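Novice: Sequence below, structure please.
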Amino acid sequence: MLRDYLCCCHKSSSSASDDVVELDPVLLVSGIGGTILHSKKKKKSGSESRVWVRILLADLEFKRKLWSIYNPKTGYTETLDDTTEIVVPKDDYGLYAIDILDPSFFVKLLHLTDLYHFHDMIDMLVECGYEKGTTLFGYGYDFRQSNRIGQLMDGLKEKLEAAYKASGGRKVNIISHSMGGLLVMCFISLHGDIFTKYVNKWITIATPFQGAPGCINDSILTGMQFVEGFESFFFVSRWSMHQMLVECPSVYEMLPNPDFNWKKQPEIQVWRKHSEDGESSVTLDSYETNDCVSLFEQALEKNELNYDGKKVALPFNFEILKWAASTREVLNGTQLPDGVSFYNIYGTSVDTPFDVCYGSESSPIDELSEICHTLPEYSYVDGDGTVPSESAMADKFDAVERVGVSGSHRKLLADKKVFQFIQNWLGVSTNVNTKQFSTASSKVMDDYSIVEST
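Specialist: So this is what the prediction gives:
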């Protein structure tokens with residue numbers, strides 16, 4: 001809604017009242033793993049329990065409530081516990097779910113910054129004069145699902161409409177992080193008229209436009225360690241995470257784009273042991289993007305888990321791969337609507353996995369199924385530690401500005417330089433007395449790594 005700030009007291013003739021202009025609303029959109037997920041009973045109303053993210057009892061609750069299997073009839077990944085469903089908490093206008101991912105006393109006491117997701121950015125925007133529920137909103141979602149699935153598209157539409165109406169009919173400025181940028185792209189392709197109606201500017205941070213080769217290839221084969229350092233001992237194990245990721249369409253949708261002209265094709269390498277006629281030899285086998293499917297199939301052929309006393313086979317999922325290929329077609333065909341300003345911030349100066357290698361010449365892989373229990377070795381390129389700069393820069397849109405900032409994938413959400421760019425592009429300042437909206441974009445500063453759009 002519109003609010004007027006009126007001076008209620010007399011001032012001297014030399015004093016002028018503050019000239020405050022209403023702000024366009026901001027919607028923050030998270031990426032993979034960047035949303036709190038709750039579990040609740042399907043047929044009962046009542047309490048919900050947090051299953052992502054949590055530190056205490058993390059692995060146990062994760063396996064009980066988040067292990068899932070893909071349903072090709074619906075396109076959704078569904079939890080193995082068919083008595084429960086996964087929901088996203090709606091508190092604080094959607095901001096709670098993307099703020100501190102484990103808001104427990106323990107995490108806040110130790111200030112475990114790995115779990116402080118959009119927290120610092122929310123604080124920064126509030127200091128700039130944004131108000132929760134009027135000009136500041138969040139969109140978290142079930143990140144296991146496809147970026148183009150109806151549930152996620154409908155949820156984004158509802159958030160855009162809510163922000164538009166709450167601010168008195170002002171168009172929305174979206175700030176997305178990581179995979180959230182792919183979700184926005186899917187929305188543009190599938191609901192371009194709605195996007196044009198409600199969106200003014202789109203700022204994206206660390207988005208894997210062409211995929212995240214090293215991290216995603218390895219996630220499908222061996223899993224992912226979401227939290228590093230001593231916190232990892234209290235968190236979900238790499239193996240437990242692997243069993244969920246194998247059934248996540250969103251993960252398959254971030255495989256390296258085979259249609260992108262990479263400077264060098266991403267590879268998976270495997271040191272293999274071969275035996276013939278009583279003699280053994282070792283070879284280094286390489287799989288480029290279009291060859292990796294056969295490796296995934298063989299490596300995951302025996303992959304299974306035990307759930308509630310029953311064995312559940314989780315091989316490489318060709319139904320998900322087929323769905324993800326259609327999503328890639330949607331992404332490749334995305335065109336930025338006229339009248340929407342686009343800004344891209346990508347991470348630099350951090351070693352980022354690109355090629356992945358399993359085994360070694362001295363300790364080769366015998367059966368490919370061994371890969372799933374083998375820690376990888378990476379070759380690195382420049383990026384944010386997760387997404388190569390080459391991919392994050394390649395949005396193929398007519399960007400107002402495209403800016404590289406030195407920083408890691410998640411820490412870019414709390415980076416002061418990133419905040420300065422966002423404030424400039426939104427036309428705001430942390431001085432609440434100068435909350436003036438500006439349609440003009442600011443020029444970037446020379447001491448940052450910058451690539452201007454062409």
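Novice: burial count for residue 333?
Specialist: Other residues within reach of residue 333 by the criterion other C-beta atoms under 10 Å amount to 10. C-beta: built from backbone N, CA, C; applies to glycine.
Novice: Now it: closest residue in space, sequence neighbours ignored.
Specialist: Here the nearest residue to residue 333 in space, its sequence neighbours aside, is residue 189; by C-beta to C-beta, 6 or more residues apart in numbering that works out to 6.0 Å.
Novice: tell me, which helix in this structure spans the most residues?
Specialist: Selection of the longest helix in the chain by residue count, based on DSSP state H, yields helix 150-166.
Novice: helix/strand/coil for the residue nearest to residue 333?
Specialist: Classification of residue 189 into helix, strand or coil gives helix, according to DSSP: H, G, I helix; E, B strand; the rest coil.
Novice: so where's this structure uncertain?
Specialist: Within the chain, the ranges that satisfy pLDDT under 70 run 1-21, 226-234, 431-454.
Novice: now the helices: where do they sit in it?
Specialist: Shown for the chain, the helices assigned by DSSP H span residues 58-65, 105-110, 119-127, 150-166, 180-190, 192-198, 213-222, 238-245, 249-252, 292-299, 318-332, 389-393, 416-426.
Novice: In JSON lines: those helices, plus mean neighbour count.
Specialist: Output for the helices of the chain, formatted as JSON lines (neighbours: other C-beta atoms under 10 Å):
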{"stretch": "helix 58-65", "mean neighbour count": "19"}
{"stretch": "helix 105-110", "mean neighbour count": "12"}
{"stretch": "helix 119-127", "mean neighbour count": "19"}
{"stretch": "helix 150-166", "mean neighbour count": "18"}
{"stretch": "helix 180-190", "mean neighbour count": "24"}
{"stretch": "helix 192-198", "mean neighbour count": "16"}
{"stretch": "helix 213-222", "mean neighbour count": "25"}
{"stretch": "helix 238-245", "mean neighbour count": "20"}
{"stretch": "helix 249-252", "mean neighbour count": "25"}
{"stretch": "helix 292-299", "mean neighbour count": "18"}
{"stretch": "helix 318-332", "mean neighbour count": "17"}
{"stretch": "helix 389-393", "mean neighbour count": "24"}
{"stretch": "helix 416-426", "mean neighbour count": "20"}
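Novice: Quick one, which of the ones you listed gets closest to residue 143.
Specialist: The closest approach between residue 143 and any of these, judged by C-beta to C-beta, belongs to helix 249-252 at 5.8 Å.
Novice: Can you tell me what sits against the closest one?
Specialist: Under the contact criterion C-beta atoms under 8 Å, 6 or more residues apart in numbering, helix 249-252 has outside partners 32, 70, 75, 77, 143-147, 149, 179, 216, 219-220, 245, 317, 320-321, 323-324, 327.
Novice: Could you tell me which residues make contact with the nearest residue in space to residue 350 that is not next to it in sequence?
Specialist: Once flanking residues are discounted, residue 350 sits nearest to residue 385: 4.3 Å by C-beta to C-beta, 6+ apart. With contact taken as C-beta under 8 Å, 6+ apart, residue 385 is in contact with 347, 350, 351, 352, 408, 409.
Novice: Show me which of these are buried.
Specialist: Buried members of those, counted by 16 or more other C-beta atoms under 10 Å: 347, 350, 352, 408, 409.
Novice: Which single one of those is nearest to residue 265?
Specialist: Out of the buried ones among the contacts of residue 385, the one with the shortest distance to residue 265 is residue 352. That distance is 16.0 Å, counting by C-beta to C-beta.
Novice: So what sits opposite that closest one in the bridge?
Specialist: Beta bridges link residue 352 to residue 381, judged by DSSP bridges.
Novice: Surely it touches residue 391?
Specialist: No - if you go by C-beta atoms under 8 Å, residue 352 and residue 391 don't touch, sitting 9.2 Å apart.
Novice: Report the set of residues contacting both of these two.
Specialist: Taking C-beta under 8 Å, 6+ apart as the contact criterion, the residues that touch both residue 352 and residue 391 are residue 383.
Novice: where's the residue nearest to residue 350 relative to residue 143, distance?
Specialist: With distances defined as C-beta to C-beta, to the nearest Å, the gap from residue 385 to residue 143 amounts to 19 Å.
Novice: same question, residue 212
Specialist: 14 Å.
Novice: Look at the two and report which has more neighbours.
Specialist: The neighbour comparison of residue 212 against residue 143 (other C-beta under 10 Å) goes to residue 212, with 32 against 23.
Novice: For that one, which non-adjacent residue is closest in space?
Specialist: Sequence neighbours aside, residue 387 is the residue nearest to residue 212 in space, at 4.9 Å (criterion: C-beta to C-beta, 6+ apart).
Novice: Residue 183 too?
Specialist: Residue nearest to residue 183 in three dimensions, not counting chain neighbours: residue 147, with 4.5 Å by C-beta to C-beta, 6+ apart.
Novice: circling back to that earlier point, starting at the chain centroid, how far to the longest helix of the chain?
Specialist: Average the C-alpha atoms of helix 150-166, do the same for its chain, and the two points are 18 Å apart (C-alpha atoms, centre = their mean, to the nearest Å).
Novice: If anything else comes up later, I'll come back, but that's it for now.
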